[in-house]
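# dropping a prediction and its sequence here:
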Amino acid sequence: MPNPLTLPARLDSSAAPGLLADLLARRGADLVIDAAQVDIIGALSFEVMIAAGRQWQADGQPLDIVTPSDSYLATAAVLGLSPLRPWEPAMVEKGQVTA
């Protein structure tokens, strides 16, 4: 397993450029993103992760999100995103979002 990128506790809009830089530095290799420490994540940071997921797919490289925190999961649900693969359409059944 590759060395994971551990997301910080706060991923608001001011943290999105740093997240983008961290992701770009790892482009071209398998990537694991550890979301266990996330307390706050905003839509802009999710947009960065969505773009990264699509780029990794286009490059033919795996990108996995592991150990999502409760806050990360809750925000993904509110935004209607698949928590472990936000770049892919989420499945919505009876008001619940599933990966």
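Thanks, I have it.
# is it true that residue 56 touches residue 65?
No: using C-beta atoms under 8 Å, residue 56 makes no contact with residue 65, being 11.2 Å away. The way it works is simple: take the backbone N, C-alpha and C, and place the C-beta from them, glycine included.
# direction included, what does the regular element (helix or strand) spanning residue 33 pair up with?
Per DSSP states H and E: residue 33 is located in strand 31-34. Next to strand 31-34 in the sheet, as set by DSSP bridges, lie strand 5-6 (parallel), strand 63-66 (parallel).
# give me the buried positions along the last one.
Buried residues in strand 63-66, defined by neighbour count with 16 or more other C-beta atoms under 10 Å: 63-65.
# next, count neighbours for residue 72.
23 (other C-beta atoms under 10 Å).
# which stretch of helix or strand covers it?
For residue 72, the host element (DSSP H and E) is helix 70-79.
# name the helices or strands packed onto that helix?
Packing partners of helix 70-79 (3 or more C-beta pairs under 8 Å, 6 or more residues apart in numbering; DSSP states H and E): strand 40-41, helix 43-59, strand 96-98.
# and the pLDDT at residue 1?
Predicted confidence (pLDDT) for residue 1: 54.
# likewise the one 10 residues further on?
At residue 11, the model reports a pLDDT of 96.
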